[in-house]
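S.K.: Build me a model from this:
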Amino acid sequence: MEKRRKVINNSLGNIKKTNCFISLDDIEKQIKNKRMDVVYDDSIVVIVDKRKSFLQIYYFLDEYDIDFINWEEIKNRLTTYKDIVINVVGKNISEKNIVAEKLGFSFYKKYVRKQFINKEKKKYRELMDVLIANQKDCEKIYDMLYSSFDVLSDDLVNKEELKDMINQNHVLKIEIQNEIQGVFLYEDTGVRSYARAICIAEKYRNNVLGYSLFAKYNNLHVDSTKIFSLWVDQANDDVLKLHNTFGYVEDGLENYIYVREKDDCCEK
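M.R.: Next up is the predicted model:
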C-alpha cells in the first residue's frame, strides 16, 4: 500500500504519468468504500472507478519507461469489467495514448470544453414555455437521457443524482401536449454554472426547443453567474451551432476517450 501511495502521489499533476485529477486522499477513501478497485499495483497502478454510468480507468506510472510493465497481466485482470473507458483530459494533447494502446483500448471520441464569460449580462427571448421539473418527472427524464446519449462517454447522471438535481430545481423541461419533449440539466458552483445535458425528443430536434431551454437557463443565471461552461462531442455539429448562438467558445481543454473494441459503443 505504501508503494501504491508513493506512485500515485508522484504521478498526480503530471499528464504524462496519469489521467487522474482526484486527490490521493480521495482515491484512498473511494478504495476503502469499494467505489474504486485496485486492479494492478506495481510499477504502474491501475484503478477502476465504479461511480459513473460507465467504468473509468485511472493509471499512474512510476517511471516514463513502460517497456517492463506486464501489460498482458493487467489486460487479463480488466477482462472482468464491462463498459470500461479511459479518459485523458488536457490541453494540446495527442489522440495517440501509449498506455491506452498497451491496455488494448483505441480512440473513440473527442470532447471539447466550451465556456462563456458573462460580461454583458444579456437576456434572451424564451420562445417556448420552460418549466422546472419535479420528482414525478424523474423516470421519464431518466429514460430520455439513457435512450438518447452514449452511456460510454456522455457522463450521464445516475438516478440518485438526477433526483438531487430535481430537488435543487436544476432540471428544466418543455412539455408538448402534456409530454416531456425536452430537458436541460445543470449544476451551479459559486459564480460558475455547468450545463450537464440537453436532451430533445427526436421528432422535435432542429426546432426551437433547444434554443428555448438554453435561453431559460441563461436568463435564470444572467445576474449571478460569471462563467458558463460545458463539455460537448466535437462531432455534434447541431449542438455546437446552438452553443455558438449563446456565445460559447472552446477554451482549449480536451477530453479524449478510449474504449475496448469488444465493449458495445452505444452511440445514438
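
S.K.: C-alpha from now on. contacts and neighbour counts both.
M.R.: Will do.

S.K.: So for the protein, which residue is the most central one in space?
M.R.: Asp155 (3.6 Å; C-alpha atoms, centre = their mean).

S.K.: my read is that one is in a strand, agree?
M.R.: No - read with DSSP: H, G, I helix; E, B strand; the rest coil, Asp155 is coil and lies in no strand.

S.K.: phi, psi of the nearest residue to Tyr59 once chain neighbours are set aside?
M.R.: Nearest residue to Tyr59, sequence neighbours excluded (C-alpha to C-alpha, 6 or more residues apart in numbering): Val46, at 4.6 Å. Here is the backbone geometry of Val46 (degrees, to the nearest 10): phi -120, psi 120.

S.K.: Helices of the stretch 101-250 of the chain, start to end?
M.R.: 138-148, 159-167, 209-221, 237-245 (DSSP state H, counting those that start in this stretch).

S.K.: Asp62 versus the residue located most distally from the centre of the chain, what's the distance?
M.R.: Each residue of the chain has a distance to the centre, and by C-alpha atoms, centre = their mean the biggest one is for Phe68: 32.5 Å. Going from Phe68 to Asp62 by C-alpha to C-alpha, to the nearest Å gives 11 Å.

S.K.: now Lys159
M.R.: In terms of C-alpha to C-alpha, Lys159 sits 37 Å off from Asp62.

S.K.: who's more crowded, these two?
M.R.: Neighbour count, other C-alpha atoms under 10 Å: between Lys159 and Asp62, Asp62 has more, with 21 against 13.

S.K.: quick one, what contacts that one?
M.R.: 7-8, 10-11, 17, 43-44 (C-alpha atoms under 8 Å, 6 or more residues apart in numbering).

S.K.: ok, now with 7 Å
M.R.: 7, 43-44 (C-alpha atoms under 7 Å, 6 or more residues apart in numbering).

S.K.: how about CSV for these, with distance to Val171, pLDDT and secondary structure added?
M.R.: Output for the contacts of Asp62, formatted as CSV (distance: C-alpha to C-alpha, whole Å; pLDDT from 0 to 100; DSSP: H, G, I helix; E, B strand; the rest coil):
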residue, distance to Val171, pLDDT, secondary structure
Val7, 40, 94, helix
Ser43, 44, 89, coil
Ile44, 41, 95, strand
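
S.K.: List the buried residues in stretch 59-79.
M.R.: Buried residues in stretch 59-79, counted by 16 or more other C-alpha atoms under 10 Å: 59-62, 71, 74-75, 78.

S.K.: pLDDT-wise, which helix or strand of this structure ranks last?
M.R.: Least confident helix or strand, the chain: helix 237-245 with a mean of 91, by mean pLDDT, DSSP states H and E.

S.K.: Kindly calculate the angle that it makes with helix 209-221.
M.R.: 30 degrees (axes from the mean of the first three to the mean of the last three C-alpha atoms, to 10 degrees).

S.K.: in helix 237-245, what's buried?
M.R.: For helix 237-245, by 16+ other C-alpha under 10 Å, it's 239-240, 243.

S.K.: just how off-centre is stretch 9-19 within its chain?
M.R.: 20 Å (C-alpha atoms, centre = their mean, to the nearest Å).

S.K.: in that stretch, what counts as buried?
M.R.: 10-12, 15, 17-19.

S.K.: May I have it as CSV, with CA atoms only?
M.R.: As requested, the backbone C-alpha atoms of stretch 9-19 are provided in CSV (Å, rounded to 0.1, in the frame of the first residue of the first chain):
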residue,chain,number,x,y,z
ASN,A,9,1.3,10.8,-5.3
ASN,A,10,4.4,11.2,-7.6
SER,A,11,2.2,11.0,-10.7
LEU,A,12,-0.6,13.4,-9.8
GLY,A,13,-0.4,16.6,-11.7
ASN,A,14,1.7,15.1,-14.5
ILE,A,15,-0.4,14.4,-17.6
LYS,A,16,2.5,12.2,-19.0
LYS,A,17,2.2,9.9,-16.0
THR,A,18,-1.5,9.9,-15.1
ASN,A,19,-5.0,10.6,-16.4
